[in-house]
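# can you look at this prediction? I've put the sequence above it.
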Amino acid sequence: MNVERHTRQALDRVHSEQERILEKQAAYDEFERRIRGLSPGTPNQRAAVSQTTGVSGLAGCTVSQASTNRSRGDQCQQVREAFAQTVRPCSLDDVRTRESLLETIQEELGEDLAIALAPKSASRFTPETKRAVLEATTERRGELTVMKRALEREERSLERTADAVTDTIDWLRRVDETPLSALGFDELQARHGELSERRTRCDTLARERQSTLAETSNSGVSVAIEQRALTEYLYAEATVGYPALATIGSLDSVLAACQRAVRDHLVRRA
C-alpha cells in the first residue's frame, strides 16, 4: 500500500505563506503609523518662518520657500526610508529579483506614487501625496486580508482531505492484518462493499476539492483572488500542481487495487 500524500507538503507551503502575509500585514501597519505621523511641510517649515520686513504671511511672518521645499523633499525621503524599513523586507518580488527601492514601491503602491516619491522628482510631500500614500496602503492591506482568507480556505480544504485520507489509510492497515485467504465468502463481500464506499468517499472528496478551487475570495476591495489561481501560485515549484487531488487519486488507485484483489478471491470462491 503506497499512497502518495502530497497534502503534508502542501500544508507546510500554506503555513509558510500565512506567516509571510502576517509579517507583511504587520509591516504595513507600522508603515501606516509612520506616515500618519508626518505632517506635510512641517516641522522644518516652521523653522524656516521668521519675522521680516519683507513679504509677510500669517502673523507677519515670511516663509522661506527654499527651506520649505527642502523640508518637503526630506519628508519624501522619510516615506522612502519608512517603506524600506517596514514593507520592503516583506516583498517577495524584491527578494527574488533584487529590484530597487523605487521598483518595490511601484510594485506595492503604484507607479504614480513611485514617481512622486523619487529623489529626483519635482513633486513634494503635500497633503495630497500623504493621502495618496495612505489610500494605497489601505488598499494593499485589504488585498492582504483577502489573501489571508483565501489561504485559510485552502488550509481547511487540505486538512479535510488529509484527515479523510488518513482515516482510510488507517482502516486499510487494520484490515490488511488479516489476509484475504483467511476470510470467508460473506466477509469478502463485506470487504468489497466497504472498499466501494471508501472509493465513493474519494469521489465526493475530489468533487468538494474541485468546488473549492472554483471559489473566489474578496473583501469589498478592488481585488478578488480565485482559489485555483492561488493554488497555482502556491504549488508552482511543487512536484504536483494539485496536491489534494493527486493525493485523492493516489488513494483511489490503492483502493481499486484492493478491490481487484478481493474480487479475485470472490471469483475463486464462487
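Looks like it came in fine. None of the values given here were measured: they were computed from a predicted structure. Numbers count the residues shown, from 1 in each chain.
# not counting sequence-adjacent ones, nearest residue to residue 132?
residue 113 (6.0 Å; Cβ to Cβ, 6 or more residues apart in numbering). (Glycine included, C-beta is placed from N, CA and C.)
# hang on, I meant residue 162
residue 7 (4.3 Å).
# could you look up the SS state of residue 217?
strand (DSSP: H, G, I helix; E, B strand; the rest coil).
# what sits opposite it in the beta ladder?
residue 225 (DSSP bridges).
# pretty sure it is touching residue 144, no?
No. Residue 217 is beyond contact range of residue 144, at 11.7 Å (criterion: Cβ atoms under 8 Å).
# one step back: the residue nearest to residue 132 reaches residue 136, doesn't it?
Yes. Between residue 113 and residue 136 there is a contact under Cβ under 8 Å: 5.9 Å.
# before we move on, back to that, remind me which helix or strand the residue nearest to residue 132 belongs to.
Using DSSP states H and E, residue 113 sits in helix 111-117.
# that older thread, per-residue pLDDT of the residue nearest to residue 162, please?
The score at residue 7 is 96. That number is its pLDDT.
# and it, what is it in contact with?
Counting by Cβ atoms under 8 Å, 6 or more residues apart in numbering, residue 7 makes contact with 158, 161-162, 165, 243-244, 247.
# re earlier: and the residue nearest to residue 132, how many neighbours?
Residue 113: 22 surrounding residues under other Cβ atoms under 10 Å.
# list the contacts for it?
With Cβ under 8 Å, 6+ apart, residue 113 has these contacts: 105-106, 129, 132-133, 136.
# ditto for residue 2
Neighbour list for residue 2: residue 254 [criterion: Cβ under 8 Å, 6+ apart].
# then residue 4?
Residues near residue 4 by Cβ under 8 Å, 6+ apart: 246-247, 250.
# show the buried residues in these.
Among those, those scoring as buried are 246-247, 250 (criterion: 16 or more other Cβ atoms under 10 Å).
# among those residues, name the ones in helices.
Within these, residues falling in helices by DSSP state H are 246-247, 250.
# and residue 64, what pLDDT?
Residue 64 carries a pLDDT score of 34 in this model.
# and which of the contacts of residue 113 is nearest to residue 21?
For the contacts of residue 113, the minimum distance to residue 21 (Cβ to Cβ) is 17.9 Å, reached by residue 136.
# next, the contact list for the residue positioned nearest the centre of the chain, please.
What sits nearest the mean C-alpha location of the chain, by Cα atoms, centre = their mean, is residue 147, with 4.5 Å. The contact partners of residue 147, by Cβ under 8 Å, 6+ apart, come to 21, 217, 225, 230.
# any idea which of those is least confident?
Lowest confidence among the contacts of residue 147: residue 217, with 86.
# quick check: that residue vs residue 138, distance?
Residue 217 sits 18 Å away from residue 138, going by Cβ to Cβ, to the nearest Å.
# the more surrounded of those two?
More crowded of residue 217 and residue 138, by other Cβ under 10 Å: residue 217, with 20 against 13.
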